[in-house]
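Engineer: no sequence for this one, just the structure:
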């Protein structure tokens, strides 16, 4: 493993990755060897196979990160930034370190916890946790320090304190180090000790996620110790420990956020967590987990529960939300078996059967038809939409030929299906709609955006190119007041869809008029596109700057 410099420079590390990529593209044997040695996707492959793989900058960055002992480029970047922050502001070294241990809702900010990076920093600088602060000891699972603090002052277990002003049990259960095998049992032991010492299992802290902050936590949004166990770290054993100690399962967060790990969900439900009022039914439909849906319904979930808050409030029932999320017949059967009404309507008066057809769910529509009897015949406009939604361009074209002006007769809700289906990845349906003349700039989806913005968000380069080729405007605004350039920035940095090709999206946007990029003299990580300052992923930035020089 390479030794990282005492004062690492992210610019120098980026240069190393670019140099490795250049060597790879020149078929350098040493570059092939480095990729094989460090990158799991390249392991065991011949030089010829690696050359054909078309590795890109993010692969080279991952290789460099692993050579330095980090699981990802993001972890390496996080380590470099944290080390430099500590060097620049040594008085707040522990606070900077804790922002790697905890997510932003606890530490203040929008960051995710990076426990492996935090552990690497502590291993290199044990003084970070050697000051005797019992609240810092909670973060690392130092039971001896907790026992010592309790012997000196038994009441400390009831008080918030430390650099993050956390109650001790919250400091334990929200620690990201819980995810590391070497610390999990130690943190469990600390939680057990604190409970035995009298700490309330319902200890909580105000949310620090912006616009709240570490200095001014939210008064009404409380993050409980149970939420740390069940909703953040998804630790079933710790969840059970807290529930057995009397923690309230109805804390407003734990059930909703536990759904990624149904073992915690089951424990919460058995302890009396109420499904109604938690939006958990709607959330589980987002996650596409039919077994956990059945679990919620079996524990009192109301299959007709009205939603709370947008965007689900625009749909009115779990059944309609399931259709909007394009869920399977098994999901619909589970809802119907639990008493979901099939005769529900959207706010514009569209019945569930028609909604299913609008989203290309032919089998689901048949299921709903069987449950409710024969529906009224489809209007021509809905038959046309249904053909488009299932990607049946021939049928849709035939209907359009018999009824000129058909698209012009569609209402706003119907037209919004273009961005809705783009967001759901229904490329065939989107292509059929656009080919037949669907308005390109209609906005829809969870964030009120055009089809182009949704395609860029998903990193769907082929669909982005298709939409631009058919006249989509990259400058069309979306619900957050930006355009496809801003969408590309956010999505390339956050990668909301696994395997998205944001470089391909950038290539398509530049080919269709997005301004050339140049370095931003005020921000080494950013670029200027015209007069606009933007930040993109390294890979997208590299392409944009290269495109401006071509």
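Structural biologist: In hand now; what should we look at? Please read these numbers as outputs of a predicted model, since none were measured by experiment.

Engineer: show me the contacts for the closest residue in space to residue 344 that isn't next to it in sequence.
Structural biologist: Leaving aside its chain neighbours, residue 344 sits nearest to residue 317 (4.8 Å; criterion: C-beta to C-beta, 6 or more residues apart in numbering). For the C-beta atoms, the positions are set from N, CA and C on the backbone; glycine is no exception. The neighbourhood of residue 317, defined by C-beta atoms under 8 Å, 6 or more residues apart in numbering, consists of 304-307, 340-341, 344.

Engineer: closest one of these to residue 157?
Structural biologist: Closest approach between the contacts of residue 317 and residue 157, by C-beta to C-beta: residue 305, at 38.6 Å.

Engineer: I figured the closest one was touching residue 281, is that so?
Structural biologist: Yes. Using C-beta atoms under 8 Å, residue 305 is in contact with residue 281, at 5.9 Å.

Engineer: in terms of neighbours, single out the busier of the two.
Structural biologist: The neighbour count for residue 305 versus residue 281, taken as other C-beta atoms under 10 Å, is higher for residue 281 (26 against 18).

Engineer: what residues are up against that one?
Structural biologist: Shown in contact with residue 281 (C-beta under 8 Å, 6+ apart): 275, 293, 296-297, 301-303, 305, 318.

Engineer: just say helix, strand or coil for it.
Structural biologist: Three-state assignment for residue 281 (DSSP: H, G, I helix; E, B strand; the rest coil): helix.

Engineer: what about it, distance to residue 335?
Structural biologist: Separation of residue 281 from residue 335 (C-beta to C-beta, to the nearest Å): 9 Å.

Engineer: what is the burial count for residue 95?
Structural biologist: 17.

Engineer: just to revisit the earlier point, show the pLDDT at the residue nearest to residue 344.
Structural biologist: Listed pLDDT for residue 317 reads 92.

Engineer: go on, residue 376?
Structural biologist: In this prediction residue 376 is given a pLDDT of 69.

Engineer: with residue 241 instead?
Structural biologist: With respect to pLDDT, residue 241 has a value of 98.

Engineer: contacts only, for the nearest residue to residue 158 once chain neighbours are set aside.
Structural biologist: Once flanking residues are discounted, residue 158 sits nearest to residue 199: 6.6 Å by C-beta to C-beta, 6+ apart. By C-beta under 8 Å, 6+ apart, the contact list for residue 199 reads 157-158, 167-169.

Engineer: try it again at 6 Å.
Structural biologist: Listed by C-beta atoms under 6 Å, 6 or more residues apart in numbering, the contact set of residue 199 reads 157, 168-169.

Engineer: would you mind measuring from it to residue 277?
Structural biologist: Here the criterion is C-beta to C-beta. By it, residue 199 lies 28 Å from residue 277.

Engineer: so what's the gap between stretch 525-539 and the chain middle?
Structural biologist: Computed by C-alpha atoms, centre = their mean, to the nearest Å, the separation of stretch 525-539 from the middle of its chain amounts to 23 Å.

Engineer: in that stretch, what counts as buried?
Structural biologist: For stretch 525-539, burial by neighbour count (16 or more other C-beta atoms under 10 Å) applies to 526-529, 532, 534, 536-539.
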